[in-house]
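Colleague: give the three-dimensional model of this entry:
(one chain, ligands or ions: 1)
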Amino acid sequence: MTVRVRYAPSPTGHLHIGGVRTALFNYLYARHNQGQFILRFEDTDLDRNVAGAEEEMLKGFKWLGFEWEEGPDRGGPFGPYRCTQRLDIYRDRLEKLKGQDQAYPCFCTSEELEEDRQRALAEGRMPRYSGRCRHLSESERREKMERGLPYNWRFAIPAGIPLEFEDDIRGQVHFESDDIGDFVIVKSNGLPTYNFQVVLDDALMEITHVIRGEEHLSNTPRQLLIYRALGYQPPKFAHLPQVLNEDRKKLSKRDPNVLPVHSYRERGYLSEALVNFLALLGWSPGGEEEIMSLDEIAQQFSLDRVGKSGAVFDVGKLNWMSGQYMKRKDLPDVTEMVAQDLERQGVSLPLGRDREWLETVTGLYQEQMTCAADFAALAKGFFQPDIDWSDEAREVIQQEGAEAVIRRYRELTQEDTQAWTAAASKARFKRVQKELGVKGRGLFMPVRAALTGEVHGPDLQQTVACLPKEWVLARLDEALHLTSAAQ
Ligand code: GLU
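Modeller: Prediction:
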């Protein structure tokens, strides 16, 4: 049997972390089992569809490195892969259920249904459809239809059916048909509801494993009833644990710490890092090593190692992991990402600076970056003449002995006629050291603080060499004012 899995998003907005995690686990499952991964857009809730969402999702999956054998963009033998293009299929199967007396028209208005619901709640019962329209006679139905009353089609749930299945993650799950109210399968506008559509699509697309979020667990018994009524073999199910925020609450799409996928892409995160991080949201590898490529993860992936309890989205871990990937990336590639990000942020290179310069400055910060967008803030001092000093930097500049060092380094810099290089800066420091008898922190720190506004940072000589000489002189002057102002 060829494993066939699918990811079936509704194009109702951005691609979010929870959805990508589900897509990823399906993709990994397919790859691990030499199976097929299918994309399908479940777009039958017309009011919620958002223009452009499909394109954004496809772009997101491509960026993440997923590949799909069949999908709305590339077709396939079981298409179409967009539900609104499959309406004939749903209509046809509704006819079949009607013929079996398993579907009936329901004329209840939303006010009536709401009243029923409130009554049930007040009486301490679980709200579910009362079955009022199920018991209408043929002539009552005809009369209502003739009056032109709008109606939905409901599925007539058979009584006394145990609904059991073995969930590949949660183990044995048990529901009873008696606990489920007759649910709507086709709405008055002729469109199917999710619980009806999804069964027909999964069955006809020969999906073997449905791997999806835990929020769908309670839908599964309804879907099993449809499989049963239409004589289809249900697939295997696996319900993934929820993604939680750091307070262990269900992650909201609006959580300020978690971005939609396109924002990670735009901010220059490495897709490999995001994929690696998402794979660990619920799944754990056999060994200790957590940094793994998509291929390595696919090789190891199994549902046995997916936990049942919620998986916390740890922003610190994402950034740590992204940093790890950033460090390992070739400098020219990181530079290209930085260049793109600067363009996005509308930052141009300082006058006379070229790609080579940008690469050197990028190299100075590569270790500290989690994404390309970090660069502009980290390297701000290379793009504008003025800097702000941190409190620590001010303290260093005002320490005893700092002024003499800054002053002498400045004089030597001004006099220096050699090429403007890191080696030349190093030679100037050597002279200051010799002449003033200071070394180590006392030598470098005051100049670093004066030139960068910080007490920590990348290689100082390289930093000097990447700054224009006029800026270096001006910053040293400013710092000298600070030392004399302090006296
Ligand atoms: N369209 C559904 C969703 O986005 C799919 C659920 C399923 O995988 O069955 O939640």
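
Colleague: how about low-confidence regions in this structure?
Modeller: Filtered on pLDDT under 70, the chain yields the residue ranges 485-487.

Colleague: could you rerun that using 80?
Modeller: Counting by pLDDT under 80, the ranges of the chain that qualify are 484-487.

Colleague: quick one: furthest residue from the center of it?
Modeller: Distance from the C-alpha centroid of the chain peaks at residue 435, with 56.6 Å (Cα atoms, centre = their mean).

Colleague: how close does the nearest residue to residue 269 once chain neighbours are set aside sit to the ligand?
Modeller: Leaving aside its chain neighbours, residue 269 sits nearest to residue 371 (4.4 Å; criterion: Cβ to Cβ, 6 or more residues apart in numbering). (C-beta placed from N, C-alpha, C; glycine too.) Using Cβ to the nearest ligand atom, to the nearest Å, residue 371 is found at 27 Å from the ligand.

Colleague: is residue 371 within a helix or a strand, and which one?
Modeller: Here residue 371 is covered by no helix or strand, with elements defined by DSSP states H and E.

Colleague: give me every residue that touches it.
Modeller: Residue 371 is in contact with 264, 267-270, 322, 326, counting by Cβ atoms under 8 Å, 6 or more residues apart in numbering.

Colleague: and residue 418, how many neighbours?
Modeller: A total of 10 residues lie near residue 418 under the criterion other Cβ atoms under 10 Å.

Colleague: quick check: it touching residue 428?
Modeller: No - assessed by Cβ atoms under 8 Å, residue 418 is found out of contact with residue 428, at 9.3 Å.

Colleague: now residue 443: how far from residue 156?
Modeller: 86 Å (Cβ to Cβ, to the nearest Å).

Colleague: and these two? Which one has more around it.
Modeller: Shown here are residue 443 and residue 156; by other Cβ under 10 Å, residue 443 has more neighbours (19 against 16).

Colleague: how many residues are close by the closest residue to that one other than its chain neighbours?
Modeller: Excluding its sequence neighbours, the residue lying closest to residue 443 (Cβ to Cβ, 6+ apart) is residue 433, at 5.5 Å. Residue 433 has 17 neighbours, counted by other Cβ under 10 Å.

Colleague: secondary structure element for residue 433?
Modeller: Using DSSP H and E, residue 433 sits in helix 422-436.

Colleague: can you list contacts of stretch 396-413?
Modeller: With contact meaning Cβ under 8 Å, 6+ apart, stretch 396-413 is reached by 389, 425, 428-429, 431-432, 435-436, 438, 442-443, 445-450, 455, 469, 472-473, 476-477, 479-480, 482-484, 486.

Colleague: can we see that at 7 Å?
Modeller: Here stretch 396-413 makes contact (Cβ atoms under 7 Å, 6 or more residues apart in numbering) with 428, 431-432, 435-436, 438, 442-443, 445-447, 449-450, 455, 472-473, 476, 479-480, 482-483, 486.
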